[in-house]
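**Q** next input, structure requested:
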Amino acid sequence: MDKKSSLNPMLIIGTLFFIFGFVTWLNGSLIPFLKVICTLSDFEALFVTFAFYIAYTVMALPMAYLLDKTGYKNGMSLGLVMMSVGSLLFIPAALSAEFILFLLALFTLGSGLTLLQTASNPYIVLIGPIKSAAMRISIMGLINKSAGVLAPIIFTVLVLSGFGSIENLSTLEVDALAHKLILPYSVMAGVLFLLAIFIKYSSLEELQFSQDEYDDSSIFSFPRVVLGAVALFFYVGIEVIAGDTIGLYAQSLGVLNATALTSYTMVFMVISYLVGVFFIPRYLSQEKALIGSALLGMTFLVGIAFSSTTSNTISELLWGWSGTATLPDSVTFVALLGLANALVWPTIWPLALEDMGKHTAKGSALLIMAIAGGALLPLVFGKLAQLSGSMQEAYLYGIVCYGAILFYALKGHKMRTWCNQC
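**A** Numbers count the residues shown, from 1 in each chain. Here you go, the predicted model:
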């Protein structure tokens, strides 16, 4: 597809990636919010991420089968309809303040996103040359994480306005706070449904695949896809930990407006995506970007674990000019993980899906299933923090995540068979 014909699809898919970001990164604000509304422990509150991200594992293969039947364009539209239904489920959840209903709503949203992402990610990979796919995904990531910056801020303004603090509220105040979710999620449901109609009748072309040499192969016979899914499992886990636990961690240190701090992580992700847009592939290969991301992530985890929980020296250096440098150093390092995380997703997808032909949908589904890392690893993080008595110390275990990413960058993506002697 030439540049002229790819402009319109890029704009349409960019709109979808904005939706991904807005819906996904609302979770960082919902966690401390639902902790108060539903009287939860820190560990219980992290089931917000579990319910949302486990949908990717449960629903990915069924959604790949559905894509084979409906096509990529219709699949995107249907995914938006499912997300609209999930948004509407927040209404009875807010009226009853029942945590199980919130989890059901989040699972439904995640299911719709599973279908949407299974279709849209390979679309943006295959819309142009494979070597520049990471650049295109970086543009999508830039849009996605810009929405992630806005979502916590909008949530805080719309839902928490009138509440100086959400701690120590009376029963009536808790009910009033829960009911403030109804309007924004109703509006979101309407927007998602209208967007579904727009995609259905848009000019997006259907992806076409020719016959290939792998026609009879199982998706598990492709090491670069399977190992890519493993790397993405750990990546999504550490990305969600960085974005969705920063509020809880800051709250434990007495930082004000903790529900808005996911935006800080997103700002650093946006900066890193800009690097991807301007430097890949002209100055930086997809492989080297992935190696650098893993090493940078390890460095920032050490910074979290061993920096001060009271001093704000790092935040003074980063944005002291703005007069808002009030974050403790260790919290700032959590936000800085955004720099390390942003380019992992854009680089793994093209490395894993290159020359997959008609297996692209199943390969995409396997990679999407890896988003389960966002469901499971935050719970592991929460349990480690609970057992050690230190959330700051628990972040250090994330080195395992970056280790898996580094292995894929150095070796995993180069493997074409499981047996080197075959």
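**Q** which stretches of the protein have low pLDDT?
**A** Filtered on pLDDT under 70, the chain yields the residue ranges 1-7, 160-170, 207-217, 319-325, 420-422.
**Q** let's go with 50 and repeat that
**A** Low-confidence regions of the chain, defined by pLDDT under 50, span residues 1-7.
**Q** any chance you could map the strands in it?
**A** In the chain, no strands are defined using DSSP state E.
**Q** what's the separation between the nearest residue in space to residue 174 that is not next to it in sequence and residue 334?
**A** For residue 174, the nearest residue in space outside its immediate sequence neighbours is residue 37; the separation is 6.0 Å by CB to CB, 6 or more residues apart in numbering. Glycine gets a C-beta too; all of them are placed from N, C-alpha and C. Going from residue 37 to residue 334 by CB to CB, to the nearest Å gives 24 Å.
**Q** and for residue 45?
**A** Noted for residue 45: a distance of 17 Å to residue 334, by CB to CB.
**Q** these two - which one has more neighbours?
**A** Counted by other CB atoms under 10 Å, residue 45 and residue 334 do not tie: residue 334 has more neighbours, with 29 against 24.
**Q** just give me the neighbour total for residue 258.
**A** Summarising burial for residue 258: neighbours were counted as other CB under 10 Å, giving 24.
**Q** tell me how far it lies from residue 13.
**A** With distances taken as CB to CB, residue 258 is found 33 Å from residue 13.
**Q** flag every buried residue along stretch 186-200.
**A** The neighbour-count check on stretch 186-200 (16 or more other CB atoms under 10 Å) flags 188, 189, 191, 192, 193, 195, 196, 199 as buried.
**Q** chain center to that stretch, what's the gap?
**A** Remark: stretch 186-200 is offset 21 Å from the chain centroid, using CA atoms, centre = their mean, to the nearest Å.
**Q** check contacts around the residue nearest to residue 88 when sequence neighbours are not counted.
**A** Taking CB to CB, 6+ apart, and ignoring the residues beside it in sequence, residue 88 has residue 189 as its nearest neighbour in space, at 4.7 Å. Applying CB atoms under 8 Å, 6 or more residues apart in numbering to residue 189 gives the contacts 84, 85, 87, 88.
**Q** which residue sits closest to residue 348 in space, ignoring its chain neighbours?
**A** Closest residue to residue 348 apart from its sequence neighbours, by CB to CB, 6+ apart: residue 228 at 5.2 Å.
**Q** who are the neighbours in contact with the one you found?
**A** Residues touching residue 228, when contacts are defined by CB under 8 Å, 6+ apart, comprise 348, 349, 351, 352, 367, 370, 408, 412, 413.
**Q** which one of these is nearest residue 41?
**A** The shortest approach to residue 41 among those belongs to residue 370, at 27.7 Å (CB to CB).
**Q** pretty sure that closest one is touching residue 226, no?
**A** No: taking contacts as CB atoms under 8 Å, residue 370 lies outside contact range of residue 226: 9.9 Å.
**Q** the two: which is more packed in?
**A** When neighbours are counted by other CB under 10 Å, residue 370 and residue 226 differ, and residue 370 comes out ahead with 23 against 20.
**Q** excluding covalently adjacent residues, which one is nearest to the more buried one?
**A** The shortest distance from residue 370 to any residue other than its chain neighbours is 3.7 Å, reached at residue 232 (CB to CB, 6+ apart).
**Q** wait, the one you found sits on residue 372?
**A** No: the pair residue 232 and residue 372 fails to qualify as a contact (CB under 8 Å) at a distance of 9.6 Å.
**Q** okay, those two: which has more neighbours?
**A** residue 232 (28 against 22).
**Q** contacting residues for that one?
**A** Contact analysis of residue 232 by CB under 8 Å, 6+ apart lists 344, 345, 348, 367, 370, 371, 373.
**Q** residue 122: which of the residues you listed is nearest?
**A** Using CB to CB, residue 367 is the member of the contacts of residue 232 that lies nearest residue 122, at 8.9 Å.
**Q** how near is the closest one to residue 143?
**A** Using CB to CB, one gets 20 Å for the distance from residue 367 to residue 143.
**Q** looking at these two, which is more packed in?
**A** Using other CB under 10 Å, the more surrounded residue of residue 367 and residue 143 is residue 367, with 27 against 21.
**Q** residues contacting that one?
**A** With contact taken as CB under 8 Å, 6+ apart, residue 367 is in contact with 121, 225, 228, 229, 232, 348, 349, 352, 353.
**Q** what would these look like in TSV with distance to residue 70?
**A** What follows is these, written out as TSV (distance: CB to CB, whole Å):
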residue	distance to residue 70
121	16
225	22
228	25
229	23
232	24
348	26
349	22
352	23
353	20
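**Q** which of the residues you listed are buried, as a ChimeraX select command?
**A** One line in ChimeraX is enough to select the buried ones among these; burial here means 16+ other CB under 10 Å:
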select :121,225,228,229,232,348,349,352,353
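**Q** of all the contacts of residue 367, which comes closest to residue 75?
**A** Of all the contacts of residue 367, the one with the least separation from residue 75 (CB to CB) is residue 121, at 11.8 Å.
**Q** many thanks, we can stop here.
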